[in-house]
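1. Pasting the sequence and the predicted coordinates here, then a few questions.
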Amino acid sequence: MVPEIGHFALILAFFTALAQAALPLLGGRIGEPRFAAFGRQCAVLLFILTGTSFACLVYSYAVSDFTVLNVVQNSHTTKPFIYKLTGAWGNHEGSMLLWVLILALYGAVLARGGRAVPAGLHSLTLSVQGMIAAAFIAFVLFTSDPFTRVFPAPPNGEGLNPLLQDKGLAVHPPFLYLGYVGFSVPFAFAVAALIRGRADSVWARLVRPWALTAWTFLTIGITLGSWWAYYELGWGGWWAWDPVENASFMPWLAGVALIHSIRVVERRDALKGWAVLLAILTFSLSLVGTFLVRSGVLTSVHAFAVDPARGAFILMILAFAIGGSLTLFAIRGATLQATGAFAPVSRESALIANNVLLVAACATVFTGTFYPLFVDVLSGEKISVGPPYFNRVFVPIAAATLALAAGAMLIPWKKASLTAVSKKLLFAGVIAAGAGVLVGVTAPSKVIAGGAAVALVAWLVVGTLTDLGERTALFRRPLADSFRRATGLPRATWGASLAHIGIAVYAAGAAGMSLWKTTDVIFMKEGDTAVIHSISVKLDDVRRIKGPNWIADSATFIASKANRAPERLEAERRFYPVRGMQTTEAAIHPQAFGDLYITIGDHVDGKGWPVRIYFNPFVACLWWGAATVVFGGVLSISDRGKRPRRKVLGREMSANPAGRADPQPAIGMSQA
Amino acid sequence: MKRLATFIPLLVFVAIGVIFAFGLSRDPSRIPSTLINRPLPEFSLPPIADAGVPGFASEDVIGDVSLVNVFGSWCVSCRIEHPFLLKLSRAGEVKIYGVDWKDKPGDGAAWLEELGNPYAAVGDDADGRVAIDLGTTGAPETYIIDRQGRVRYKQIGPITPEVWNKTLKPIVEHLKKSS
């Protein structure tokens, strides 16, 4: 019964989404404001219906209802309860339902909370959201129905891929989707702007928090995935340039470009075409991200859900969404006139350079990800593009972007003097050069690359701090005065500075892991000792232990360092009988300059246990850097000062209920 | 000029879309083997010492649809795959031959003793010559052989229930029916 309710709610949701797509559009054409109001109600109803549907699926998992095919394929009675629940979205069908649910959530928030949006823009935006929802609900209903029944019901399920039975990964898809799907709102705003032929600073202020929210969630999602790969996959890596990782990284890069160009539209009424195009590009790449994982166009370690029929459906959605919006851009893009003029040396120019670099970075990732496919289509050969390509092509562009970020915040809008900016950056340059040389002299290996990386990190951190110092007049005025200025700075400024520092910290982690990671593989018997980075690691004992749905060889290591109390570490090699799969639980021992990371393999008679010991330098910088970036994002979102004042606009709108015409005159629409 | 510039993104998208559409009509996981649709190269491998299973020669495969599975006791994925191979062979779904790749004396026999034997015959490819002729890139790897002794499909990586049901079983059944 419950699965049928879920299925039925989803069918209702499909028609609700169609109504949400069509009615506000029609209402705008014939001048009937009640149609727009109906569209807003539809968005809320859509969320309730998809929420019901999703709850039904989760319930089926919770009670292990093995008459539902999806539960049979992905669950098992012995699985811990929490993973029964998270199993609901650990598979293709459930994850697509989650995608739709999150889309409906954004739509509902936009419908309820978007009172400050000019009415015409609001209903157009909701209508575009409705179209996307209808397409994806149809996709779920026709190609990926999670509520299909089986009869007779099998006595037990096939279990969830044990790699996915993990807390980090359980919350990874929801955050990733909150990011991907969140970009649908800027996309809808961009399409609406093109239809209306105006994108002004009001538009930019409205889009900014949505773009930032989506981008912040995407940052969390990617970091969680990376963290999971680090501690669960057992190879001590955090990023492999795997196509599925790239799929989430491309919208992230485009999203960075988007939030920077929106700022220019908001402040200076320029770069409008760019901002609109980037909004389209970012959501398009999010769709491609969904497409990549779900269609099997590219193969990777993420091998679940390979089905060309589904791919064809998503291809149709892509063609319609991306092709449609880009056609609109082609025809209407030129009507978005800029009014703000600026000099070649100015904040605007720096942000254009940032946009160009980020789009180039995005293009290199895109090329690397799809090149094998292109070669296959053109010549029939199978090749793969690995980390060497990305290290050689992506890293220099990323480095240039970071180098630019250090100075960009110091450059004033409109017109700036290159000498003044260089003077301000002199201190950062000296510190960076000093740090680079210091590392170059002391590093055990990779002297030039390491020195350059550390110099870049120092340059960005000190450059950002210099900007904060300038803004608060630090050391030029009394400290109390500086403190007052600091508290008076817009939260968006603090957010941007923190995000830049976070990226620098992340880059330090990435450089450390890429340049100075060490690995050692040795056979150890119980009682043997190995030494790595002046830490002696003793294999104390290995026991066979039993978990709820796995058995494991659990190894206890004793790590001891001079003058420190020895510490016990546990590494496991688990076997999940239901799926016939093995997983590795690494022993991770954080040190001052990195993690000691130990995994064990299968016992070999006469030789002992193959033990892999890694030293992962600065790996914690990755997580702390990402956390800082996220905190910066949250601060920027919370900066309400940049939003249009809801009270004023809301009153104007309610005072004008019949027309619901735009209460705000279009700023910057002069047809010069 | 500015009007035309706004068409560039659309043109780029259409170009990429066309390639995507072609790409979708191809099977991405199929790494072409030079052996596909060609007879199995000729070889005659001795049995594994003390295993009590006959050795494996290329002419054994003629007459019935079968799998040739390249494995090694040193290979972790083979250990994962093994129980399912055993199930397939016990259920009589398909005949399976084994090539024990680069194993040390005694290891292969111990493996079969410990985990059970799904194979009709197993050749001991201690120096890896036959694996080279087969174009094996890593273990486990499995070839589907038709009644005429031709290689029809190459599976890289372990045979899981999903791989078997979705990919291999349809091919095996098709070959059983057609020839």
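-> Structure received.

2. Secondary structure of residue B:137: a strand, I assume?
-> No - judged by DSSP: H, G, I helix; E, B strand; the rest coil, residue B:137 forms no part of a strand; its state is coil.

3. do you know how far the residue nearest to it when sequence neighbours are not counted is from residue B:70?
-> Spatial nearest neighbour of residue B:137, chain neighbours left out: residue B:156 (6.6 Å); criterion: CB to CB, 6 or more residues apart in numbering or on different chains. For the C-beta atoms, the positions are set from N, CA and C on the backbone; glycine is no exception. In this view, residue B:156 and residue B:70 are 10 Å apart by CB to CB, to the nearest Å.

4. What of residue A:68?
-> Distance of residue A:68 to residue B:70, computed by CB to CB: 38 Å.

5. which stretches of the chain have low pLDDT?
-> Let's take chain A. A:161, A:163-164, A:292-309, A:311, A:376-384, A:579-580, A:640-672 (pLDDT under 70).

6. oops, I was thinking of chain B
-> In the predicted model, chain B carries pLDDT under 70 at residues B:1-3, B:20-35, B:179.

7. OK, contacts around the closest residue to chain B within chain A?
-> Residue of chain A nearest chain B, by CB to the nearest CB: residue A:333 (3.5 Å). By CB atoms under 8 Å, 6 or more residues apart in numbering or on different chains, the contact set of residue A:333 is A:194, A:273, A:276-277, B:6.

8. and it, that one's in a helix?
-> Yes - Residue A:333 sits within a helix when classified using three-state DSSP.

9. Distance-wise, check it relative to residue A:193.
-> Residue A:333 sits 10 Å away from residue A:193, going by CB to CB.

10. now could you export just the CA positions of the longest helix along chain B as CSV?
-> For chain B, the helix that runs over the most residues, judged by DSSP state H, is helix B:8-24. Extracted in CSV, the C-alpha atoms of helix B:8-24 (Å, rounded to 0.1, in the frame of the first residue of the first chain):
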residue,chain,number,x,y,z
ILE,B,8,28.9,30.9,-30.1
PRO,B,9,27.8,29.1,-26.9
LEU,B,10,24.9,27.5,-28.7
LEU,B,11,27.2,26.3,-31.6
VAL,B,12,29.7,24.8,-29.1
PHE,B,13,26.9,23.0,-27.3
VAL,B,14,25.5,21.6,-30.6
ALA,B,15,28.9,20.3,-31.6
ILE,B,16,29.4,18.6,-28.2
GLY,B,17,25.8,17.3,-28.3
VAL,B,18,26.4,15.6,-31.6
ILE,B,19,29.4,13.8,-30.2
PHE,B,20,27.5,12.8,-27.1
ALA,B,21,24.7,11.3,-29.2
PHE,B,22,27.3,9.2,-31.0
GLY,B,23,29.0,8.2,-27.8
LEU,B,24,25.8,7.0,-26.3
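
11. In this structure residue A:54 contacts residue A:103, no?
-> No - using CB atoms under 8 Å as the test, residue A:54 is too far from residue A:103 to be in contact (11.7 Å).

12. of those two, who's got more company?
-> Taking other CB atoms under 10 Å in any protein chain shown, residue A:54 and residue A:103 do not tie; residue A:103 has more neighbours (26 against 23).

13. now the helices for the stretch 451-600 of chain A?
-> Taking DSSP state H, counting those that start in this stretch, the helices of the stretch 451-600 of chain A run over residues A:479-488, A:491-516.

14. and the last one, how far from the chain's centre?
-> Same thing as helix A:491-516. Computed by CA atoms, centre = their mean, to the nearest Å, the chain-centroid distance of helix A:491-516 equals 16 Å.

15. So which elements touch that helix?
-> Contacts defined by 3 or more CB pairs under 8 Å, 6 or more residues apart in numbering or on different chains; DSSP states H and E place helix A:491-516 against helix A:387-408, helix A:447-472, strand A:609-617, helix A:619-637.

16. Adding mean neighbour count, write those out as a markdown table.
-> Below are the helices and strands packed on helix A:491-516 laid out as a markdown table (neighbours: other CB atoms under 10 Å in any protein chain shown):
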| stretch | mean neighbour count |
| --- | --- |
| helix A:387-408 | 18 |
| helix A:447-472 | 21 |
| strand A:609-617 | 22 |
| helix A:619-637 | 21 |
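
17. Would you map out the domains in chain A?
-> A:2-338+A:351-362, A:518-620 (automatic domain parsing).

18. Within its local environment, how many residues does residue A:131 see?
-> Residue A:131 has 21 neighbouring residues, counting by other CB under 10 Å.

19. the strands in chain B, which residues?
-> Along chain B, the segments classed as strands by DSSP state E run B:44-45, B:56-57, B:66-71, B:95-101, B:121-125, B:141-145, B:151-156.

20. With respect to residue A:26, which of the ones you listed lies nearest?
-> Checking these against residue A:26 by CB to CB gives strand B:151-156 as the closest, at 53.7 Å.

21. before we move on, the earlier item: return every residue with contacts to both of residue A:333 and residue A:193.
-> Contact criterion CB under 8 Å, 6+ apart; residues bridging residue A:333 and residue A:193 by contacting each: residue A:276.

22. re earlier: okay, the helices and strands packed on helix A:491-516 in TSV with distance to residue A:94 next?
-> Shown next, in TSV, are the helices and strands packed on helix A:491-516 (distance: least, CB to CB, whole Å):
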stretch	distance to residue A:94
helix A:387-408	32
helix A:447-472	41
strand A:609-617	33
helix A:619-637	26
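
23. wait, which of the ones you listed is closest to residue A:531?
-> Nearest to residue A:531 among the helices and strands packed on helix A:491-516 is strand A:609-617; the distance by CB to CB comes to 9.5 Å.

24. is chain B contacted by that closest one?
-> No - Strand A:609-617 lies out of reach of chain B by CB under 8 Å from any CB of the partner chain, never closer than 10.1 Å.

25. can you give me how far that strand is from the chain middle?
-> Strand A:609-617 has its C-alpha centroid displaced from the chain centroid by 30 Å (CA atoms, centre = their mean).

26. Show me what it pairs with in its sheet, parallel or antiparallel.
-> strand A:518-524 (antiparallel), strand A:594-600 (antiparallel) (DSSP bridges).

27. Tabulate these (JSON lines), appending mean neighbour count.
-> Formatted as JSON lines, the strands paired with strand A:609-617 follow (neighbours: other CB under 10 Å):
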{"stretch": "strand A:518-524", "mean neighbour count": "15"}
{"stretch": "strand A:594-600", "mean neighbour count": "24"}
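
28. Please render these as JSON lines that adds distance to residue A:74 to the earlier fields.
-> Shown next, in JSON lines, are the strands paired with strand A:609-617 (distance: least, CB to CB, whole Å):
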{"stretch": "strand A:518-524", "distance to residue A:74": "34"}
{"stretch": "strand A:594-600", "distance to residue A:74": "27"}
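
29. sorry, back to before: would you list the strands of chain B in a markdown table and tack on mean neighbour count?
-> Formatted as a markdown table, these follow (neighbours: other CB under 10 Å):
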| stretch | mean neighbour count |
| --- | --- |
| strand B:44-45 | 16 |
| strand B:56-57 | 21 |
| strand B:66-71 | 25 |
| strand B:95-101 | 25 |
| strand B:121-125 | 25 |
| strand B:141-145 | 24 |
| strand B:151-156 | 19 |
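
30. In which helix or strand does residue A:241 reside?
-> In the assignment (DSSP states H and E), residue A:241 maps to no helix and no strand.

31. quick one, what contacts the residue nearest to it when sequence neighbours are not counted?
-> Distances taken as CB to CB, 6+ apart place residue A:390 nearest to residue A:241, at 4.7 Å, with adjacent residues excluded. Listed by CB under 8 Å, 6+ apart, the contact set of residue A:390 reads A:241, A:364-365, A:368.
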